[in-house]
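Asker: got a sequence here, can you model it:
(one chain, ligands or ions: 2)
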Amino acid sequence: MKPVKIGVLGLGTVGGGTLNVLSRNAEEITRRAGREIQVCLAAARDVQRVRGCELQGVRLTADPFEIVNDPEIEVVVELIGGYEPAKSLVLQAIANGKHVVTANKALIALHGNEIFAAAEKQGVMVQFEAAVAGGIPIIKAIREGLSGNRISWLAGIINGTSNFILTEMRDKGRDFADALAEAQQRGYAEADPTFDIEGIDAGHKLTILASIAFGIPLRFDKVYTEGITRITRADVEYAEALGYRIKLLGVARKTPGGVELRVHPTLIPKRRLIANVDGVMNAVLVYGDAVGPTLYYGAGAGAEPTASAVVADLVDVVRALTSDPENRVPHLAFQASAISQAPLLAADEFKTAYYLRLTAEDKPGVLADISQILAARQISIEALIQKEPRPGESSVPIIMLTQLTLEKEMNAAIAEIEALASVSGKINRIRMETLG
Ligand code: NDP
Ligand code: HSE
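Answerer: Residues are numbered from 1 along each chain as shown. Ligands and ions are numbered 1, 2, ... in the order given. All right, here's what the predicted structure looks like:
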């Protein structure tokens with residue numbers, strides 16, 4: 001059979017890794033796909049730059065539209081990232097009847113509904129395994145492996161950069177900025193690393209996971225996102241002392257009032273496997289009614305782990321090239337006509353337990369005032385640590401763990417506690433999950 005001709009948009013970390021894997025494992029990949037996958041054309045901004053990837057037989061262009069408009073190319077691999085020109089390129093490829101593979105979670109989370117609708121109209125496939133959790137085949141696992149289940153919740157460490165930073169801070173006492181610089185140098189971080197450290201990238205991935213787990217449209221606008229920039233070494237140490245690890249966690253859960261979608265730093269009991277997922281590794285825990293909990297673990301970023309997912313999508317596309325579009329795995333796991341419009345919860349209605357760290361004067365009555373405020377809002381304290389004051393200081397750190405409470409009650413209680421004359425500065429609040 002004739003080789004399948006593909007064009008690659010972007011030759012950075014993931015594009016370079018993809019070309020290397022396709023070349024190194026060409027024989028095995030052909031045996032799996034049933035046809036040779038041949039990269040004919042690749043686009044980058046700077047076509048003169050010397051690159052550490054396999055470019056034999058690949059023509060380079062600085063015009064990515066040349067690739068999506070090339071009649072010879074059957075599959076376009078979008079690895080440029082960002083919204084534009086990625087969105088226009090993908091839509092143009094689809095309009096030209098080409099299949100698309102992308103690692104671009106920002107694009108899928110924000111414009112996926114439009115992109116999939118266009119793809120369904122044209123009868124082409126858009127695959128995006130590499131968009132979530134790097135090399136872990138989590139999309140395939142949820143979309144196909146768990147399709148007999150009603151999924152009630154999932155939770156994941158789905159940003160390699162922030163997990164790398166938190167691990168380096170905890171294990172090596174490294175500074176935040178220094179660890180971030182290394183993540184960037186290793187090619188883990190997004191072009192704009194704010195996406196990583198402010199939870200936006202994890203929010204994109206959670207949007208995709210929730211959609212394929214629950215059969216709902218992609219709704220990034222409904223994801224609550226909070227990043228890791230306010231986590232201090234003190235929080236990491238207090239959490240350890242209390243038997244917890246702090247991880248940036250994405251949680252999607254069906255509740256009686258609607259679906260909650262949230263990304264935030266989270267205290268997780270150390271005994272949970274997921275609490276021990278370190279460095280650039282990612283993990284996703286999925287709860288299905290038939291199977292119970294399942295956990296998926298692997299490298300969440302980096303050239304070849306991500307290329308592994310891109311190439312797997314390519315193999316899937318090549319295998320399904322001649323299949324009837326009606327009988328392919330639906331883009332968002334559920335048939336497009338069966339996507340549900342379940343309500344999505346506002347952040348005020350989330351229910352979690354909390355870790356609170358505050359600084360208060362070391363004098364009688366202060367703890368009673370704080371406890372009264374919490375009790376008035378039905379917030380129960382699970383554990384409390386009050387440190388000894390340092391010599392010459394009259395204030396002490398107080399660390400509290402609470403039981404489950406509504407976010408709006410906690411917000412109101414925090415405002416009241418911060419207004420007490422005996423409490424100084426802001427309260428650092430981190431949500432907790434037992435993941436039981
Ligand atoms: P890079 O920044 O390393 O690479 C981007 C590539 O796109 C570069 O080769 C760049 O060219 C090229 N490019 C940018 N703009 C244009 C343009 N207008 N025309 C032609 N080429 C262009 O990004 P990554 O490889 O890290 O990421 C690619 C995608 O994969 C993103 O969507 C990212 O979110 C996603 N992803 C990344 C992972 C990772 O570990 N890095 C993991 C999972 C997903 P030039 O080289 O000349 O500048
Ligand atoms: N910047 C992303 C991360 C890349 O660190 O997880 C993988 O999606």
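
Asker: residues from this protein in reach of ligand 2?
Answerer: Gly134, Asn159, Gly160, Thr161, Tyr188, Ala189, Glu190, Asp196, Asp201, Gly300, Ala301 (C-beta under 6 Å from any ligand atom). The C-beta positions use only the backbone N, C-alpha and C, and glycine is treated the same way.

Asker: which of those tops the neighbour count?
Answerer: Using other C-beta atoms under 10 Å as the neighbour test, the residues of the chain next to ligand 2 are led by Asn159, with 36 neighbours.

Asker: for that one, give me its contacts.
Answerer: Shown in contact with Asn159 (C-beta atoms under 8 Å, 6 or more residues apart in numbering): Asp196, Gly199, Asp201, Ala202, Lys205, Leu248, Asn282, Gly300.

Asker: give me the pLDDT value at the third one.
Answerer: In the predicted model, Asp201 carries a pLDDT score of 98.

Asker: ok, back up a step: could the contacts of Asn159 go into JSON lines alongside secondary structure?
Answerer: Below are these laid out as JSON lines (DSSP: H, G, I helix; E, B strand; the rest coil):
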{"residue": "Asp196", "secondary structure": "helix"}
{"residue": "Gly199", "secondary structure": "coil"}
{"residue": "Asp201", "secondary structure": "helix"}
{"residue": "Ala202", "secondary structure": "helix"}
{"residue": "Lys205", "secondary structure": "helix"}
{"residue": "Leu248", "secondary structure": "strand"}
{"residue": "Asn282", "secondary structure": "strand"}
{"residue": "Gly300", "secondary structure": "coil"}
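
Asker: Leu19: which of these is nearest?
Answerer: Nearest to Leu19 among the contacts of Asn159 is Gly300, at 21.1 Å by C-beta to C-beta.

Asker: confirm for me that the closest one is in contact with Gly134.
Answerer: Yes: the criterion here is C-beta atoms under 8 Å, and Gly300 meets it with Gly134 at 4.2 Å.

Asker: need the residues touching each of the two.
Answerer: Gly160, Val280, Asn282.

Asker: now the last one. Nearest residue, chain neighbours left out?
Answerer: The reference is to Asn282. Gly300 (3.0 Å; C-beta to C-beta, 6 or more residues apart in numbering).

Asker: contacting residues for the one you found?
Answerer: Ala133, Gly134, Gly135, Ile136, Ile157, Ile158, Asn159, Gly160, Asn163, Val280, Met281, Asn282.

Asker: recalculate using a threshold of 6 Å.
Answerer: By C-beta atoms under 6 Å, 6 or more residues apart in numbering, the contact list for Gly300 reads Ala133, Gly134, Gly160, Val280, Asn282.

Asker: again with Ile158
Answerer: Ala133, Ala202, Lys205, Gly250, Asn282.

Asker: ok, Ala303 next?
Answerer: Thr13, Gly17, Gly187.

Asker: want to throw the residues you listed into TSV with neighbour count?
Answerer: Output for these, formatted as TSV (neighbours: other C-beta atoms under 10 Å):
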residue	neighbour count
Thr13	22
Gly17	25
Gly187	15
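
Asker: using JSON lines, lay out those together with pLDDT and distance to ligand 1.
Answerer: Converted to JSON lines, the contacts of Ala303 look like this (pLDDT from 0 to 100; distance: C-beta to the nearest ligand atom, whole Å):
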{"residue": "Thr13", "pLDDT": "97", "distance to ligand 1": "4"}
{"residue": "Gly17", "pLDDT": "98", "distance to ligand 1": "8"}
{"residue": "Gly187", "pLDDT": "97", "distance to ligand 1": "5"}
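
Asker: now stretch 383-392: mean pLDDT?
Answerer: Throughout stretch 383-392, pLDDT has a mean value of 86.

Asker: from one end of it to the other, what's the distance?
Answerer: 27 Å (C-alpha to C-alpha, to the nearest Å).

Asker: what's opposite Val100 in the beta bridge?
Answerer: According to DSSP bridges, the residues that bridge with Val100 are Val76, Val126.

Asker: domain ranges for this structure, per the record?
Answerer: 4-135+303-337, 138-299, 348-432 (automatic domain parsing).

Asker: got the contact list for Ala283?
Answerer: When contacts are counted by C-beta under 6 Å, 6+ apart, Ala283 is found next to Ile157, Ile274, Val277, Tyr297.

Asker: which one of the residues you listed is nearest to Ser424?
Answerer: Ile157 (33.3 Å).

Asker: can you pull up the most central residue in this protein?
Answerer: Ala202 (3.0 Å; C-alpha atoms, centre = their mean).

Asker: isn't it up against Gly250?
Answerer: Yes: Ala202 is in contact with Gly250 according to C-beta atoms under 6 Å; the separation is 4.8 Å.

Asker: the stretch 1-150 of the chain: strands as residue ranges?
Answerer: Using DSSP state E, counting those that start in this stretch, the strands of the stretch 1-150 of the chain run over residues 4-9, 37-43, 59-61, 75-78, 99-102, 126-127.

Asker: mind putting those into JSON lines with mean neighbour count and mean pLDDT?
Answerer: As requested, the strands of the stretch 1-150 of the chain are exported to JSON lines (neighbours: other C-beta atoms under 10 Å; pLDDT from 0 to 100):
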{"stretch": "strand 4-9", "mean neighbour count": "25", "mean pLDDT": "98"}
{"stretch": "strand 37-43", "mean neighbour count": "22", "mean pLDDT": "98"}
{"stretch": "strand 59-61", "mean neighbour count": "15", "mean pLDDT": "98"}
{"stretch": "strand 75-78", "mean neighbour count": "28", "mean pLDDT": "98"}
{"stretch": "strand 99-102", "mean neighbour count": "27", "mean pLDDT": "98"}
{"stretch": "strand 126-127", "mean neighbour count": "26", "mean pLDDT": "98"}
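
Asker: so for ligand 1, which of those strands sits nearest?
Answerer: Closest of the strands of the stretch 1-150 of the chain to ligand 1 is strand 37-43, at 4.3 Å (criterion: C-beta to the nearest ligand atom).

Asker: tell me the contacts of the closest residue to ligand 1 within the chain?
Answerer: In the chain, the residue that lies nearest ligand 1 is Gly12 (1.9 Å; C-beta to the nearest ligand atom). Residues near Gly12 by C-beta under 6 Å, 6+ apart: none.

Asker: how far away is it from Val90?
Answerer: Plainly put, Gly12 is 17 Å away from Val90 if you go by C-beta to C-beta, to the nearest Å.

Asker: what do you get for Ala312?
Answerer: In terms of C-beta to C-beta, Ala312 sits 19 Å off from Val90.

Asker: these two: who's more crowded?
Answerer: Val90 (27 against 20).

Asker: a markdown table for the contacts of Ile158, including distance to Asp171?
Answerer: Listed next are the contacts of Ile158 as a markdown table, based on distance: C-beta to C-beta, whole Å:
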| residue | distance to Asp171 |
| --- | --- |
| Ala133 | 22 |
| Ala202 | 21 |
| Lys205 | 25 |
| Gly250 | 23 |
| Asn282 | 18 |
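
Asker: cool, thanks, signing off.
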